[in-house]
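Novice: The following block contains a protein sequence and its predicted model.
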Amino acid sequence: MQKRIMASICIGLFIGTGATSHAVETTPRQMDAHEHGHGELMMVHEGNNVMIELNLPGFDVVGFEHTPETEKQENAVIEAIAKLRNAPEIFTLKEKAQCRFVEVRASSSLTREDADHDHDDKQDEKPEEEKHDVASHKQHEDEGHAEFRAEYHIHCEAPEHFRSLDVGLFRAFPSLEEIDYQILVPEGQYGGELEADKTLLRF
């Protein structure tokens with residue numbers, strides 16, 4: 001858990017500060033705002049550990065971005081989360097690097113569990129301003145900006161051979177058109193886009 005939190009902080013830092021890249025590929029750019037057809041991938045590789053975070057529009061994952069209204073829609077959300085948690089179907093790891101998934105987390109604001117997270121009876125104890133922020137966030141999602149999020153912690157026994165990653169998101173969710181990525185690896189910082197016919201991430 002601590003490693004996951006630290007990796008999230010690292011991701012936020014290198015995106016927010018625009019750290020200088022030593023790479024020769026495309027210079028990373030700030031991720032676009034929520035847009036149908038466009039997902040986001042952020043990765044940090046340090047030592048034997050690799051952390052990946054995904055952010056995908058709900059519409060491209062399940063075909064809608066409102067609170068599920070039918071049992072079919074509820075099942076679609078559950079199945080999508082299960083699909084994201086099936087890490088080997090989302091990312092193909094090179095055998096030579098001897099990598100394995102050690103922790104996978106996936107959630108969506110479309111699920112009751114996620115929507116109720118940290119919003120129990122203690123909410124009444126929060127300042128009015130914070131209550132307003134929570135309500136505004138929920139209203140924003142109800143208006144069509146719900147997302148799916150996933151985090152993957154990978155451990156590699158031979159990290160020097162971890163030089164590429166095949167991303168299977170377009171196969172899993174055909175509605176996706178592009179994946180904007182930003183990665184931080186020992187050699188530097190990279191950024192660019194993946195498409196249905198360009199799924200191999202090299203670094």
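Specialist: Received it, and whenever you're ready, just let me know what you need. Numbering: from 1, shown residues only.

Novice: Could you pull up phi and psi at Glu160?
Specialist: Glu160 adopts backbone torsions of phi -70, psi -20, taken as degrees, to the nearest 10.

Novice: Nearest spatial neighbour of it, chain-adjacent residues omitted?
Specialist: Spatially, and ignoring its direct neighbours in sequence, Glu160 is nearest to Ala97 (7.9 Å; CB to CB, 6 or more residues apart in numbering). (C-beta placed from N, C-alpha, C; glycine too.)

Novice: cool, Ile179 as well?
Specialist: Leaving aside its chain neighbours, Ile179 sits nearest to Leu194 (4.2 Å; criterion: CB to CB, 6+ apart).

Novice: quick one: secondary structure of that neighbour?
Specialist: What DSSP: H, G, I helix; E, B strand; the rest coil gives for Leu194 is strand.

Novice: Assess the claim that it and Asp166 are in contact.
Specialist: No - between Leu194 and Asp166 there is no contact under CB atoms under 8 Å: 9.9 Å.

Novice: More neighbours: which of the two?
Specialist: Using other CB atoms under 10 Å as the criterion, Leu194 and Asp166 rank with Leu194 on top: 20 against 13.

Novice: circling back to that earlier point, got a list of what the residue nearest to Ile179 touches?
Specialist: Going by CB atoms under 8 Å, 6 or more residues apart in numbering, Leu194 touches Leu41, Val167, Leu169, Phe170, Glu178, Ile179, Tyr181, Leu201.

Novice: Looking at those, spot the one nearest Phe101.
Specialist: Relative to Phe101, the closest of the contacts of Leu194 is Val167; by CB to CB it sits at 14.4 Å.

Novice: which residues does the closest one contact?
Specialist: Going by CB under 8 Å, 6+ apart, the list of residues near Val167 reads Leu41, Ile90, Phe91, Ile179, Leu194, Thr199, Leu200, Leu201.

Novice: what's across from the residue nearest to the third one when sequence neighbours are not counted in the sheet?
Specialist: I take that to be Phe91. Take Phe91 and drop its neighbours on the chain: the residue closest to it by CB to CB, 6+ apart is Leu165, 5.8 Å away. Leu165 has the following beta-bridge partners by DSSP bridges: Leu201.

Novice: where's Leu165 relative to Glu193, distance?
Specialist: Per CB to CB, to the nearest Å, Leu165 is found 15 Å from Glu193.

Novice: So between these two, which is more surrounded?
Specialist: Neighbour count, other CB under 10 Å: between Leu165 and Glu193, Leu165 has more, with 24 against 14.

Novice: Spit out the contact partners of the more buried one.
Specialist: Leu165 makes contact with Met43, Phe91, Thr92, Leu93, Leu200, Leu201, Phe203 under the criterion CB under 8 Å, 6+ apart.

Novice: what are the phi and psi angles of the closest residue to Gly37 other than its chain neighbours?
Specialist: Excluding the flanking residues, the one nearest Gly37 by CB to CB, 6+ apart is Glu177, at 3.7 Å. Reported as degrees, to the nearest 10, the phi and psi values for Glu177 are phi -110, psi -40.

Novice: ok, now which ones touch Glu177?
Specialist: Gly37, His38, Glu195, Ala196.

Novice: Good, we can wrap up now.
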